[in-house]
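Peer 1: got a predicted structure here, sequence first:
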Amino acid sequence: MGAAKEEHVCKSQDIPGKKWKFSEILADNKIKERWEKVRKFFFLRESTYDMTNKCNIRCEGCYYYEGEKQFAKENKDIDAWRSLMKAEKKRGITFVVLAGAEPSLVPELCQVCYEEIPLGAVATNGIKFISENTGYKIHISVWGNDKTSHKLRGAKNMLSRQIENYIDDPRAVFVYTFTRNNIDEAREIAEILADKRCRLTFNMFSAPSGYEGELRHNPSSLLHTRETIMDLIAQYPENILYSAYNTAAHTHQTGLHGLYGCSYPRMNPSTDIGLGRSFRQYRTDLTWDRDAACCVPDTDCDDCRHYAAGSAVVTARMFRHAVNPELFKAWLDYVDTYLSVWVTGYEKGKNLCDNLTAPPGFKVF
Ligand code: SF4
Ligand code: SF4
């Protein structure tokens, strides 16, 4: 951490009870610059869409094959999807997340979405290439090394197939999901991906409702994950899209809902403003259910540390973080990270804060 940043930390800690005005926080040029950079994207309004109920592999702990949504009838009609996207645009949706099961199995539907709403991301296992014509961010899920992937996902040579498909593709972000059992493998994966110039971010396994299997995190696996991520960020700053505050928030013993209060309709009864009003999670039959609507439905909310959840839940809490420079820098790093992972063409800046910062109202663990 540089001297200027240390000054901030001291300043905010040395003046107990000081009430910072927002203008005082923005007096720091680096903070101001980053704030101006991220605030241009506050127009983003997301919804998510299950594109198909088929997948070319079957993973343990997959949240898609939990609950009712997997049984929705598939609508494969391109015109119906185009109409839905037009209606979504009219409703104010500016960002789509295409998920599933596996969206790469229905490329024509992904393309229609892109033609109507050009900002978005596709969550894929990366085995089948998605054409460059679909200019969304491509999030490629990695659950460990090839031995582990074979065991948990039933697919051979997964990482090399994923890299072959997406090497040097500016859309691609590899998303390494930490489970209780694959923490040390992240070092091996990060080295391979960095060597191939690929970009990597992190996700935390968040147990589906009722799941008691061996992937669920516990306090010691959360701590071990935290230390591992902090080392990797320092080791591969060019390749890893993450920050110390992402680490603090997602490896905390308390899940995201407990720390910040989830804004998605499933946990948020308010329809007045924000995600509670605008967010929908469409099933493959193009219906949606307010009671189930969040980016990772059928996940156990108490265990939710999912990266997609954080991209909305943490970023929505700007005012809680705009109370001193230290906390606001941490929040800006989080937003900068989230935009670089989710928005095509957005480049992450250097993190402003290299130390673990406690979420507002909580201790650091
Ligand atoms: S690749 Fe994704 S959708 Fe397919 S089974 Fe695995 S977790 Fe589920
Ligand atoms: S699973 Fe996560 S994102 Fe979904 S409602 Fe629960 S806390 Fe919110």
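Peer 2: On my side now, so go ahead. Residues are numbered from 1 along each chain as shown. Ligands and ions are numbered 1, 2, ... in the order given.

Peer 1: any idea how far stretch 216-236 is from the chain center?
Peer 2: Distance of stretch 216-236 from the chain centroid (Cα atoms, centre = their mean, to the nearest Å) equals 17 Å.

Peer 1: all strands of the stretch 101-250 of the chain, in order?
Peer 2: Ranges of strands within the stretch 101-250 of the chain are 120-124, 137-142, 172-178, 200-204, based on DSSP state E, counting those that start in this stretch.

Peer 1: what mean pLDDT does the first one have?
Peer 2: Read it as strand 120-124. For strand 120-124, mean pLDDT is 98.

Peer 1: is ligand 1 contacted by that strand?
Peer 2: No: judged by Cβ under 6 Å from any ligand atom, strand 120-124 stays clear of ligand 1, getting no closer than 7.3 Å. All C-beta spots, glycine's among them, are computed from the backbone N, C-alpha and C.

Peer 1: what residues does the stretch 51-200 of the chain have near ligand 1?
Peer 2: Checking the stretch 51-200 of the chain against ligand 1 by Cβ under 6 Å from any ligand atom, the hits are 55, 57-59, 62, 64, 100-102, 125, 153.

Peer 1: can you do 8 Å?
Peer 2: For the stretch 51-200 of the chain, the residues in contact with ligand 1 (Cβ under 8 Å from any ligand atom) are 55-59, 61-65, 99-102, 123-125, 141, 153.

Peer 1: returning to that earlier point: got the strands of the stretch 101-250 of the chain as a markdown table, with mean neighbour count columns?
Peer 2: Putting the strands of the stretch 101-250 of the chain into a markdown table (neighbours: other Cβ atoms under 10 Å) gives the following:
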| stretch | mean neighbour count |
| --- | --- |
| strand 120-124 | 25 |
| strand 137-142 | 24 |
| strand 172-178 | 23 |
| strand 200-204 | 24 |
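
Peer 1: in JSON lines, list the ones you listed along with distance to Leu44.
Peer 2: JSON lines is the format used below for these (distance: least, Cβ to Cβ, whole Å):
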{"stretch": "strand 120-124", "distance to Leu44": "10"}
{"stretch": "strand 137-142", "distance to Leu44": "12"}
{"stretch": "strand 172-178", "distance to Leu44": "17"}
{"stretch": "strand 200-204", "distance to Leu44": "17"}
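
Peer 1: got CSV for the ones you listed, with distance to ligand 2 too?
Peer 2: Converted to CSV, those look like this (distance: least, Cβ to the nearest ligand atom, whole Å):
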stretch, distance to ligand 2
strand 120-124, 14
strand 137-142, 16
strand 172-178, 15
strand 200-204, 11
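
Peer 1: the residues of the stretch 51-200 of the chain next to ligand 1, buried ones only, as a PyMOL selection?
Peer 2: A single PyMOL command selects the buried members of those (16 or more other Cβ atoms under 10 Å):
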select buried, resi 55+59+61+62+63+64+65+99+100+101+102+123+124+125+141+153
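
Peer 1: in helices only, show me the residues of the stretch 51-200 of the chain next to ligand 1.
Peer 2: Members of those lying in helices (criterion: DSSP state H): Arg153.

Peer 1: quick one: the helices in the stretch 151-300 of the chain?
Peer 2: 158-166, 185-195, 219-235, 244-250, 256-260, 275-278 (DSSP state H, counting those that start in this stretch).

Peer 1: and Tyr176, what is it in contact with?
Peer 2: Tyr176 makes contact with 142-143, 186, 189-190, 200-203, according to Cβ atoms under 8 Å, 6 or more residues apart in numbering.

Peer 1: likewise for Asn218?
Peer 2: Contact analysis of Asn218 by Cβ under 8 Å, 6+ apart lists Arg180.

Peer 1: mind checking how far it is from Ala312?
Peer 2: Using Cβ to Cβ, to the nearest Å, one gets 26 Å for the distance from Asn218 to Ala312.

Peer 1: count the neighbours of Pro297 for me.
Peer 2: Look at Pro297: counted by other Cβ atoms under 10 Å, it has 23 neighbours.

Peer 1: quick one: it from Arg39, how far?
Peer 2: Relative to Arg39, and taking Cβ to Cβ, Pro297 is found at 30 Å.

Peer 1: Phe365 now?
Peer 2: In terms of Cβ to Cβ, Phe365 sits 31 Å off from Arg39.

Peer 1: how about Glu74?
Peer 2: Applying Cβ to Cβ to Glu74 and Arg39 gives a distance of 39 Å.

Peer 1: then His139?
Peer 2: 24 Å.

Peer 1: repeat that for Arg320.
Peer 2: Arg320 is 17 Å from Arg39, by Cβ to Cβ.

Peer 1: looking at those two, which is more packed in?
Peer 2: Arg320 (15 against 12).

Peer 1: for the more buried one, give me the backbone phi and psi.
Peer 2: phi -70, psi -20 (degrees, to the nearest 10).

Peer 1: leaving out chain neighbours, which residue sits closest to it?
Peer 2: Excluding the flanking residues, the one nearest Arg320 by Cβ to Cβ, 6 or more residues apart in numbering is Pro360, at 4.4 Å.

Peer 1: ok, now which ones touch the one you found?
Peer 2: 317, 320-321, 323, 327.

Peer 1: so who does Asp285 touch?
Peer 2: Residues counted as contacts of Asp285 (Cβ under 8 Å, 6+ apart) are 72-75.
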